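Novice: predicted structure and sequence below. I'll ask about it afterward.
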Amino acid sequence: MSLKAIATPTRTKEILAKYGFSFKKSLGQNFIIDVNVLKNIIETAEIDQQTGVMEIGPGMGALTEQLALYSNHVVAFEIDQRLTPILEETLNPYQNISIVYQDVLQADVANIIATHFSPEQDVKVVANLPYYVTTPILMRLLMDRLPISSITVMIQKEVADRMAARPNTKSYGSLSIAVQYYTEAKVALNVPKTVFMPQPNVDSAVLHLQIRTTPLVKVNDESFFFDLVQASFAQRRKTLRNNLSRHFSDQYTKQELENKMLQAGIDGTRRGESLSIQEFANLANVFV
């Protein structure tokens with residue numbers, strides 16, 4: 001490890017002062033100032049000297065630096081051009097880092113992975129994600145079916161809990177199903193606000209997503225499956241029957257919907273939160 005790791009309060013303050021950098025709330029910038037937390041993230045991701053790593057939002061390079069020490073090569077996407085001179089200085093000692101100054105949601109990520117990593121290389125995503133754009137980024141990475149084996153991210157604890165939630169819990173919903181359709185999800189550790197500068201208003205957690213080689217359930221039409229799932233959670237307190245009747249009122253009569261649920265072996269008086277992913281798949285498959 002470098003003698004003056006970026007992820008300390010002193011070094012972070014020095015860099016901020018030197019470059020007159022101000023945090024942009026609109027970009028959700030909260031920099032990590034604890035090296036041990038970064039090491040825990042890397043341990044959770046199971047990074048080694050052969051691993052290729054894709055990072056999103058390197059900030060001042062605190063996590064990037066640690067990833068460079070433990071992995072083969074790091075490609076980091078940064079949207080804030082103001083960080084260019086800072087990253088050029090902080091990451092200058094490391095030859096195995098490439099910074100891409102693009103919004104990851106607009107970038108051709110598959111092409112960038114193909115450019116920077118060898119075809120047989122194990123590529124993992126590791127990031128301290130901005131809270132405001134966590135879900136769009138993760139869903140984009142999953143739905144594009146990129147050649148990555150896992151995603152390990154620091155995100156808002158509430159969102160991490162929702163993504164890893166099981167049926168019949170308060171956190172379980174359409175987001176849980178969307179994430180678990182593509183991955184095995186688990187909350188690896190909770191992280192206090194004090195390890196960030198500036199401190200966020202919410203608690204954080206490290207979420208580990210192991211990408212499945214095939215989706216958890218077989219569905220005939222993915223877009224319909226996800227539409228049905230979202231409809232089922234439209235109003236959490238309503239029964240499945242009520243939510244689906246409302247959503248599909250232009251396409252199916254109440255009796256037709258009742259027949260579909262019977263066909264799938266599902267009682268319409270249940271609520272969406274009580275159905276497993278397999279039950280949702282069974283229900284979706286009787287429609288299409």
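Specialist: Done, it's in. It should be emphasised that the depicted structure is a prediction, and the values quoted were computed from it without experimental measurement.
Novice: what strand or helix carries Asp227?
Specialist: helix 222-232 (DSSP states H and E).
Novice: so Ser26: helix, strand or coil?
Specialist: For Ser26, the assignment made with DSSP: H, G, I helix; E, B strand; the rest coil gives helix.
Novice: and for the closest residue to it other than its chain neighbours, the neighbour number?
Specialist: Nearest residue to Ser26, sequence neighbours excluded (CB to CB, 6 or more residues apart in numbering): Tyr132, at 8.0 Å. No exception for glycine: its C-beta is placed from N, CA and C like everyone else's. Neighbours of Tyr132 under the rule other CB atoms under 10 Å: 12.
Novice: do Thr64 as well
Specialist: Neighbour count of Thr64, defined by other CB under 10 Å: 29.
Novice: and the pLDDT at it?
Specialist: Thr64 is assigned a predicted lDDT (pLDDT) of 98.
Novice: contact partners for it?
Specialist: The contact partners of Thr64, by CB atoms under 8 Å, 6 or more residues apart in numbering, come to 55, 58, 74, 76, 87, 91, 97.
Novice: columns pLDDT on top of these, output as TSV?
Specialist: TSV is the format used below for the contacts of Thr64 (pLDDT from 0 to 100):
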residue	pLDDT
Glu55	98
Pro58	96
Val74	98
Ala76	98
Leu87	97
Leu91	97
Ile97	98
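Novice: sorry, back to before: and the helix holding Asp227, what's buried?
Specialist: With burial defined by 16 or more other CB atoms under 10 Å, the residues of helix 222-232 counted as buried are 225-232.
Novice: list the helices and strands it packs on?
Specialist: Judged by 3 or more CB pairs under 8 Å, 6 or more residues apart in numbering; DSSP states H and E, helix 222-232 is in contact with helix 174-182, helix 240-247, helix 277-287.
Novice: determine which stretch of the ones you listed is the most buried.
Specialist: Highest mean neighbour count among the helices and strands packed on helix 222-232 (mean count of other CB atoms under 10 Å): helix 174-182, with a mean of 22.
Novice: any low-confidence regions in the stretch 1-150 of the chain?
Specialist: Under the criterion pLDDT under 70, the flagged ranges of the stretch 1-150 of the chain are 1-3.
Novice: and the strands in it?
Specialist: Taking DSSP state E, counting those that start in this stretch, the strands of the stretch 1-150 of the chain run over residues 31-32, 52-56, 73-77, 97-100, 123-128, 150-156.
Novice: what helices or strands is the shortest one leaning on?
Specialist: Of the remaining helices and strands, those touching strand 31-32 by 3+ CB pairs under 8 Å, 6+ apart are helix 62-70, strand 196-197.
Novice: closest one to Arg11 among the ones you listed?
Specialist: Smallest distance to Arg11 across the helices and strands packed on strand 31-32 (CB to CB): 8.8 Å, for helix 62-70.
Novice: tally of neighbours for the nearest residue in space to Pro85 that is not next to it in sequence?
Specialist: Spatial nearest neighbour of Pro85, chain neighbours left out: Tyr19 (6.4 Å); criterion: CB to CB, 6+ apart. Neighbours of Tyr19 under the rule other CB under 10 Å: 14.
Novice: and stretch 19-33, C-alpha only, in PDB?
Specialist: What follows is stretch 19-33, C-alpha atoms only, in PDB (Å, rounded to 0.1, in the frame of the first residue of the first chain):
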ATOM      1  CA  TYR A  19      -7.300  22.100  -6.000                       C
ATOM      2  CA  GLY A  20     -10.100  24.200  -4.500                       C
ATOM      3  CA  PHE A  21     -12.500  21.300  -5.200                       C
ATOM      4  CA  SER A  22     -16.100  21.700  -4.000                       C
ATOM      5  CA  PHE A  23     -18.500  18.700  -3.800                       C
ATOM      6  CA  LYS A  24     -21.400  18.700  -6.200                       C
ATOM      7  CA  LYS A  25     -24.600  17.600  -4.500                       C
ATOM      8  CA  SER A  26     -26.100  16.900  -7.900                       C
ATOM      9  CA  LEU A  27     -23.500  14.200  -8.500                       C
ATOM     10  CA  GLY A  28     -23.900  12.600  -5.100                       C
ATOM     11  CA  GLN A  29     -20.200  13.000  -4.300                       C
ATOM     12  CA  ASN A  30     -19.200  11.400  -1.000                       C
ATOM     13  CA  PHE A  31     -15.600  10.300  -0.800                       C
ATOM     14  CA  ILE A  32     -14.400   7.400   1.400                       C
ATOM     15  CA  ILE A  33     -11.800   8.300   4.000                       C
END
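Novice: which positions within that stretch qualify as buried?
Specialist: 21, 27-33.
Novice: go on, stretch 80-87?
Specialist: 80, 83, 86-87.
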